[in-house]
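> Sequence plus the predicted model coming up.
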Amino acid sequence: GEHMTMAMRKDFNMPCINVRPFNIYGPGQTGDGCMRLFVKQALAGEDLLIHGDGSQIRAWCYIDDFIDGLLMVMEDGKAIGESFNIGNPRAVITVYGLAQTIVRVLNSDSSIRFVPSPGPDIELRVPSTKKMGDMFDYKAKIDLEEGILRTAKHIENSIYD
């Protein structure tokens, strides 16, 4: 996809930018990503199920920080023709550590259980946001615990979740 985007830029002079989001979470998230699923399970007092041994490492980026980064690259012409990682490299934790943190932060009675992994998984998913920082002074602001609390509040107050 990125190569096609840059080909369109080269061949048709289109103002293209590639953005690589890294583990975005928060209000409005759909699907069964582990952050949303773990928060819902912890709020309900259900077991949090970890596929595999939970050693997979992720960097979690709250939606507000992602949107801030996205707007930076969309609104500045110097981003045209470039590719950017948008995420929070300071919110790095294993999947097991995430489950433990969610249970603790939400003061949940949930247990954490390990189940067989349905297939291969990416072991490490952490962005380098150096380019975003150098070009736009981008730095994610919402730490993991604050993002978990905001996400939980949204889920508790949502009729759609």
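Happy to help now that I have it. Keep in mind the model is a prediction, meaning the values are calculated, not measured. Residues are numbered from 1 along each chain as shown.

> Show me how far stretch 18-31 is from its chain's centre.
The chain centroid and the centroid of stretch 18-31 are separated by 5 Å under CA atoms, centre = their mean, to the nearest Å.

> surely residue 55 meets residue 98?
No - between residue 55 and residue 98 there is no contact under CB atoms under 8 Å: 11.6 Å. Using the backbone N, CA and C atoms, a C-beta is placed for each residue, glycine as well.

> got the contact list for residue 138?
By CB atoms under 8 Å, 6 or more residues apart in numbering, the contact set of residue 138 is 68-69, 72, 86, 129, 132.

> Can you give me the buried ones in the helix or strand encompassing residue 11?
Counting by DSSP states H and E, the element that carries residue 11 is helix 2-12. For helix 2-12, the neighbour count (16 or more other CB atoms under 10 Å) marks 6, 9 as buried.

> now swap in stretch 37-56 and tell me
So for stretch 37-56, counting by 16+ other CB under 10 Å, buried means 38-43, 48, 50, 52, 54, 56.

> Please list the residues outside that stretch that contact it.
Residues contacting stretch 37-56 (CB under 8 Å, 6+ apart): 94-99, 102-103, 106, 108-118, 121-125, 148, 151-152, 155-156, 161.
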